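Trainee: generate coordinates for the sequence data below:
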Amino acid sequence: MGCTLASATGRSASAQWQATVPVGGALGAPVGSDAERYLRALSVAGVLPQASWAIRPFDADDVAALLARVDAAAHPRGRGPLAAPAARASVGAAMSSSYNTGFAWGANDGPQWQGRGANLAAGAAASIRIGPLRATLAPTLWYAENRPFPLLSTFGRSEVSNGLFPNGVDLPQRFGTTSLARLAPGESALRLSIGGVALGVATTAHGWAFGESFPGLLGPNAGGFAHVFAGTSARGVRLPLVGRVAARYVLGTLEQSAWSPVTGPTTLTDSLQTGTRRVGVGLAASWMPAFVPELEVGAARFFHSPYRRQWAWSAWRKPFEELLKEDVPPSEPEAGVSDVFSDADNQLASFFVRWRFPHRGVEIDAELFRDDHNWDRRDLAQEPENASAIAASVRVATERTASRVALLTLEFFDGDVRAIAQQRPTGFLYTHTPLRQGHTQRGQLLGSPIGVGGITGQRIAWERFAPTGSLRVTLQRWQPQSRPSTDPQSLFPPAFTRLVRAHDWVVDASVGGTRVRGATTLGLDAGIAYAGVRHFGGSRTNLYLRGSWQRF
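Mentor: Residues are numbered from 1 along each chain as shown. Take a look at the predicted model:
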């Protein structure tokens with residue numbers, strides 16, 4: 001679930017995939033924001049130069065550098081709300097509210113729990129640039145009424161724990177049983193940029209690979225986590241005869257929610273108490289060849305590692321280790337954890353490709369996402385689909401003029417339980433062991449927001465940007481979870497020989513838009529989410545309304 005604040009957090013004001021305000025100003029184009037989608041529309045339409053869309057966010061300096069290569073009269077908003085990135089200092093503020101009638105509903109919109117009932121958020125953002133150093137502070141305060149709604153049984157765990165994997169993921173069905181409020185650091189960062197290379201510390205969200213609604217590895221669904229980073233600018237680094245290369249390395253701390261299945265001390269103690277804090281470390285790299293400059297190919301790895309009492313950051317080298325489990329150098333078991341082959345660490349990996357045809361106004365991309373190592377080369381050759389997902393999207397610029405640009409997007413994500421699960425035990429997407437928080441940050445998924453287990457999603461969206469605002473229509477379908485056996489109390493149920501084809505599914509339709517008046521932007525979204533099978537039971541309907549105000 002996510003925050004309805006759009007400007008200060010850089011998250012969507014809508015409960016689905018679109019922000020209702022053109023977030024920009026001090027924050028540049030945070031992942032999932034209206035500003036990022038506007039830039040993507042310009043890229044597909046051939047207005048912007050080629051940049052690495054596999055490694056985001058685009059900070060204020062990136063946005064300024066991209067727009068500096070384009071005549072302001074060549075695109076609808078000119079400099080408009082995106083003018084602030086070029087300034088040495090800028091400030092802004094935003095407020096938003098939303099209401100869900102039937103059940104908690106929201107995704108790809110930051111750290112807030114978008115519960116049933118009323119949700120409110122407010123924040124501010126300020127940025128200052130001194131030479132190559134830029135500091136941005138963007139805290140946000142959010143509140144959720146968090147009214148009750150029917151939940152799936154958790155078989156003895158907390159009543160709000162994940163109903164399908166109560167012991168295998170920190171993904172509560174509801175954030176407690178009372179209303180709640182939190183203060184989050186949002187899209188804050190301290191960044192040093194020199195010659196196309198940047199490093200710093202931040203709490204920003206990352207977007208790796210090309211998924212917009214269904215990012216396999218990292219996206220804006222849970223917001224960011226505290227980390228240090230080093231990498232290239234959005235345009236990457238140009239190498240003669242090779243092309244452009246972009247990369248980013250992150251090393252940070254992942255937190256859990258109050259309803260996590262992991263209890264005990266902060267650091268790793270034994271195989272049951274693996275620590276309420278984890279180290280998150282990852283590396284993404286992409287290549288835009290000199291001989292095909294509109295093509296981008298790349299890969300990324302991300303690890304969850306125990307936060308150890310001594311040498312807490314020893315996991316820094318994880319993204320550089322061998323790909324196959326048999327090749328990982330043995331390590332000494334510690335504190336009762338058999339970690340001979342780094343079994344305490346959880347690897348996720350992604351391989352992706354994107355090809356832009358700017359003269360045609362078309363872009364296609366595909367991604368293979370994996371949630372586990374293969375043991376050896378034979379295992380890789382025979383079962384490449386084990387614990388995997390396939391994602392793809394097509395984007396077409398349906399209108400390209402100096403006063404309007406419109407983008408049609410079709411997106412697909414297939415992470416359903418693979419057929420191999422009928423013959424041998426296999427993992428499920430985003431659920432982990434022994435680090436049982438799964439691929440989450442403070443109770444929300446870092447990747448695709450659909451859910452855990454066997455999940456799929458499809459989306460079609462059309463959005464038009466004009467000088468006075470935007471209009472957006474979206475239709476999507478989720479399969480949030482798939483029940484793999486009749487034994488839901490087990491972390492990895494043993495009855496793999498007979499898959500029970502029981503799925504939840506939700507269809508969501510919405511319409512929304514923005515109105516820009518000078519430095520002020522108003523946004524409004526309305527929609528309906530119909531759960532045809534809710535928690536493997538009956539149907540349920542949720543009507544929602546989102547409103548926002550921003551001034552930069």
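Trainee: start to end distance for stretch 133-151?
Mentor: Length of stretch 133-151, first residue to last, C-alpha to C-alpha, to the nearest Å: 48 Å.
Trainee: average pLDDT across that stretch?
Mentor: Stretch 133-151 shows a mean pLDDT of 93.
Trainee: checking Lys318 next. Helix, strand or coil?
Mentor: helix (DSSP: H, G, I helix; E, B strand; the rest coil).
Trainee: what's the distance between it and Tyr99?
Mentor: Distance, Lys318 to Tyr99, by C-beta to C-beta, to the nearest Å: 42 Å. C-beta coordinates here come from the backbone N, C-alpha and C atoms, glycine included.
Trainee: before we move on, what about Gly219?
Mentor: 25 Å.
Trainee: so those two - more neighbours on which side?
Mentor: Gly219 (26 against 17; other C-beta atoms under 10 Å).
Trainee: for the closest residue to that one other than its chain neighbours, give me its contacts.
Mentor: Nearest residue to Gly219, sequence neighbours excluded (C-beta to C-beta, 6 or more residues apart in numbering): Gly207, at 5.6 Å. Going by C-beta atoms under 8 Å, 6 or more residues apart in numbering, Gly207 touches 31-32, 36, 55-57, 215, 218-220.
Trainee: of these - the most surrounded one?
Mentor: Counting by other C-beta under 10 Å, top hit in these: Pro220 with 35 neighbours.
Trainee: pairing partners for the strand or helix carrying Ser350, with directions?
Mentor: Following DSSP states H and E, the helix or strand that holds Ser350 is strand 346-357. Taking DSSP bridges as the criterion, strand 346-357 forms sheet pairs with strand 295-306 (antiparallel), strand 362-370 (antiparallel).
Trainee: pull out the buried positions in the last one.
Mentor: Read that as strand 362-370. Neighbour-count burial for strand 362-370, counted by 16 or more other C-beta atoms under 10 Å, picks out 362-370.
Trainee: flag the least confident of those residues.
Mentor: Arg370 (89).
Trainee: can you verify my assumption that that residue contacts Ser388?
Mentor: Yes - contact criterion C-beta atoms under 8 Å: Arg370 and Ser388 qualify, at 5.1 Å.
Trainee: tell me which helix or strand in the chain has the weakest average pLDDT.
Mentor: Here the helix or strand of the chain ranked lowest by mean pLDDT, DSSP states H and E is strand 482-483, holding a mean of 62.
Trainee: that older thread, redo the strands paired with strand 346-357 as CSV? Include distance to Leu272.
Mentor: Output for these, formatted as CSV (distance: least, C-beta to C-beta, whole Å):
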stretch, distance to Leu272
strand 295-306, 13
strand 362-370, 27
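Trainee: residues in contact with the residue nearest to Ala209 when sequence neighbours are not counted?
Mentor: Here the nearest residue to Ala209 in space, its sequence neighbours aside, is Phe352; by C-beta to C-beta, 6+ apart that works out to 4.3 Å. Going by C-beta under 8 Å, 6+ apart, Phe352 touches 54, 209-210, 286, 297-300, 365-368.
Trainee: which residues of the stretch 351-500 of the chain fall in helices?
Mentor: Ranges of helices within the stretch 351-500 of the chain are 377-382, based on DSSP state H, counting those that start in this stretch.
Trainee: tell me where it has strands.
Mentor: 362-370, 388-400, 405-415, 440-441, 444-445, 455-466, 469-479, 482-483 (DSSP state E, counting those that start in this stretch).
Trainee: Val262: which of the ones you listed is closest?
Mentor: strand 440-441 (10.9 Å; C-beta to C-beta).
Trainee: cheers, nothing more for now.
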